[in-house]
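Asks: with the sequence up front, the predicted model follows.
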Protein chains: 2
Amino acid sequence: MNIRTIAEMAGVSVSTVSKIINNYSDISEETKNKVLEIMKQTGYVPSNSAKTLATKKSNLIGVIFAGKLNIDFTHPFFVEVLNSFKKQVGLLGYDLLFFSNEKFYAVDGEYLARCKHFQLDGCIIVTGQQVEPSIRELDLSDIPCIGVDIELKGKNSGFIMSDNYKMSYKVVEHFYLQGYRELGYIGSTEESEISNMREGGYKNAIDSFGLPLNENWFVNGDNFFETSGYEAMNRMIESGSLPRAIFAASDLLAIGAMRALKEHKLSVPQDVAIIGCDDIEACKYTSPALTTIRQNKDKIGRLAGLMLYDLMNSQAETSNIVVEPELVIRESCGCRLDNF
Amino acid sequence: MNIRTIAEMAGVSVSTVSKIINNYSDISEETKNKVLEIMKQTGYVPSNSAKTLATKKSNLIGVIFAGKLNIDFTHPFFVEVLNSFKKQVGLLGYDLLFFSNEKFYAVDGEYLARCKHFQLDGCIIVTGQQVEPSIRELDLSDIPCIGVDIELKGKNSGFIMSDNYKMSYKVVEHFYLQGYRELGYIGSTEESEISNMREGGYKNAIDSFGLPLNENWFVNGDNFFETSGYEAMNRMIESGSLPRAIFAASDLLAIGAMRALKEHKLSVPQDVAIIGCDDIEACKYTSPALTTIRQNKDKIGRLAGLMLYDLMNSQAETSNIVVEPELVIRESCGCRLDNF
DNA sequence: CTGAAAGCGCTTACAG
DNA sequence: CTGAAAGCGCTTACAG
């Protein structure tokens, strides 16, 4: 069943059917209805590959998880961003392609090659740590790309992330308002740009409030996961000196830190207050419930979709957007201690 | 840059280049190396749409979340299954296509039409409640499909799920071993096949162990989420009579139930023991930590990939597989009460 | 408002 | 071992 069959059945030309499929206006109502009727009866569906071949546009957007490892579908932050991104671009008429073909990964990803292979209209790149060089190649190509939590520099690229400095500022401010003056930080590996931005913002804010800055209270884990937080906290405890309040670069780091504190008979928030980052599901169920920074994942996803659309239809130049984060107060920061 | 350019540069025919791309054996080493070299230098990438058009195979697998609502990327179970599915089919040389184009959803999904449009080689269908009729149409088509947690009946379809009866049996057995004789159940809506299977298995097991069955201790929520568990538990509490132990059809239901119990000053597991289902991340962080049934998501995903592959390459007939679940003991079931 | 024809970039018998 | 040619199912100037 192809366009020719439909054309013959309707007694019109292939061009005419094509125009009807693509909603051209210069077709008589009569012809149009006749053809539409036949398409419906036969259950005809135009072939995307033929269309792509002819037009060089696939109506497909590539989704790339850069910086391998652990950071696939199970990553709580990206998964939610992706969810709203998917809805947004879906509304605009695009479907999503996920690279998974491992055969192509042999040669360092080869992302650009994959994109060309599928003639993707654009890409969204989400990322963890250690970005492969091949991402840079894609970034600089003429394929429109939007990065989430990764700074893209190409002239057909843009990126979006939460305001990581603001985040830290809000945390310091909240701690300050409660009288905490000795502030610590648990980050991910130093290779993580995101963690470093949060740390930088945190130190700046400490400085703005005129608080002392003690480097012993700043520790890094190997990644953003629970075990890293546990180990980092243990190291801080063993160093002999503890801050009154700690900001962790992720909720899992915070949860790990709480476990370490608990094991040392230290109470959260009475001995050490903790604020995490991400607002994952589990925050609500820890005890004490974890105060955290919520990124507006829904907004990030929607904006990413819209920015990419503009890029793909050259309705906009490169743009970089930063989204306001929000402090979600629960128990671990101590400001609701009366309720205990 | 296309196959003809490469052919001309190498001074061979298009057919020859095509054979080299596709690893045909009847090509001289010399020609092969010459062409390969040129392909490399030029950075030539074959077009997937042209290939698909010619071969009717896209090397793409469709991922379908049936039964809309809430059940997208953020669903903890499916997301992990998908993760391992992706790896498995990636190894086999396939990429993944996610339907998101909302324009097509206008007419009840039209899944089959979408598949044809992209000439997908196969589909994986994961599902929540209330499966759309259009899924059935796809199931019965000649496109190979594998269902996860959904029974597919088409002759080119298969499905895979955890052994939902066994799950319940293990829970009842565990409760029994601890001396609990009054067993309750919190399920999702009655429209959920999965919840009903678990309930059925649970009742059977209760029967096998010769325990009394009290219908008042069996309640259903509206879905698998926390609030449903909370409300269901409250209803059971208000009914005046409580079982000694409860199996909830999901971890979130269990967590909601624990919240309701806590609010009524009832302790878990001292007053009521609880076992959840899914082993989501949050189980570890609730207090008490939630004992649960872990589905082997990794195995389910890998098997789904392999089964689909066999179906797509007609190396196997329809097959239905059931995967052994595992009891993960933490605190909420009470068997480690000594440790408290 | 409609149609004939070239072209998009591959694959695949088939011939040699 | 290699190549000429038809065909996959669309779109797009262009002519009328």
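Replies: Everything's here; your move. Given the structure is predicted, the values throughout are model-derived calculations rather than measurements. Numbers count the residues shown, from 1 in each chain, chains lettered A, B, ... in the order given.

Asks: so which bits of the stretch 151-300 of chain A are right by chain B?
Replies: Proximity of the stretch 151-300 of chain A to chain B, by C-beta under 8 Å from any C-beta of the partner chain, involves residues A:255, A:280-282, A:285-287. C-beta coordinates here come from the backbone N, C-alpha and C atoms, glycine included.

Asks: repeat the analysis, applying 10 Å as the threshold.
Replies: Residues of the stretch 151-300 of chain A lying close to chain B by C-beta under 10 Å from any C-beta of the partner chain are A:226, A:251-252, A:255, A:258-259, A:280-290, A:297.

Asks: buried subset of those?
Replies: A:226, A:251-252, A:255, A:258-259, A:280-286, A:288-290, A:297 (16 or more other C-beta atoms under 10 Å in any protein chain shown).

Asks: would you map the helices across the stretch 101-250 of chain A?
Replies: A:102-105, A:111-118, A:133-140, A:164-177, A:193-208, A:226-238 (DSSP state H, counting those that start in this stretch).

Asks: what would those look like in JSON lines with distance to DNA strand D and mean pLDDT?
Replies: As requested, those are exported to JSON lines (distance: least, C-beta to the nearest atom of the strand, whole Å; pLDDT from 0 to 100):
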{"stretch": "helix A:102-105", "distance to DNA strand D": "23", "mean pLDDT": "54"}
{"stretch": "helix A:111-118", "distance to DNA strand D": "16", "mean pLDDT": "91"}
{"stretch": "helix A:133-140", "distance to DNA strand D": "25", "mean pLDDT": "89"}
{"stretch": "helix A:164-177", "distance to DNA strand D": "42", "mean pLDDT": "96"}
{"stretch": "helix A:193-208", "distance to DNA strand D": "40", "mean pLDDT": "94"}
{"stretch": "helix A:226-238", "distance to DNA strand D": "51", "mean pLDDT": "95"}
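
Asks: for the ones you listed, which one sits closest to DNA strand C?
Replies: helix A:111-118 (8.8 Å; C-beta to the nearest atom of the strand).

Asks: quick one: distance of the closest one to the chain centre.
Replies: On the basis of C-alpha atoms, centre = their mean, to the nearest Å, helix A:111-118 sits 21 Å off its chain's mean C-alpha point.

Asks: that helix vs helix A:133-140, what angle?
Replies: 60 degrees (axes from the mean of the first three to the mean of the last three C-alpha atoms, to 10 degrees).

Asks: do helix A:111-118 and chain B come into contact?
Replies: Yes. Judged by C-beta under 10 Å from any C-beta, helix A:111-118 comes into contact with chain B through A:112-118.

Asks: of those residues, closest to B:Pro325?
Replies: A:Arg114 (36.9 Å; C-beta to C-beta).

Asks: so the closest one sits against B:Asn59, correct?
Replies: No. Taking contacts as C-beta atoms under 10 Å, A:Arg114 lies outside contact range of B:Asn59: 11.8 Å.

Asks: and those two? Which one has more around it.
Replies: More crowded of A:Arg114 and B:Asn59, by other C-beta atoms under 10 Å in any protein chain shown: A:Arg114, with 23 against 19.

Asks: spatially central residue in chain A, please.
Replies: What sits nearest the mean C-alpha location of chain A, by C-alpha atoms, centre = their mean, is A:Phe78, with 4.0 Å.

Asks: now it. Nearest residue, chain neighbours left out?
Replies: A:Val126 (4.7 Å; C-beta to C-beta, 6 or more residues apart in numbering or on different chains).

Asks: which residues touch the one you found?
Replies: A:63-67, A:71, A:75, A:77-79, A:81-82, A:85, A:146-150, A:304 (C-beta atoms under 10 Å, 6 or more residues apart in numbering or on different chains).
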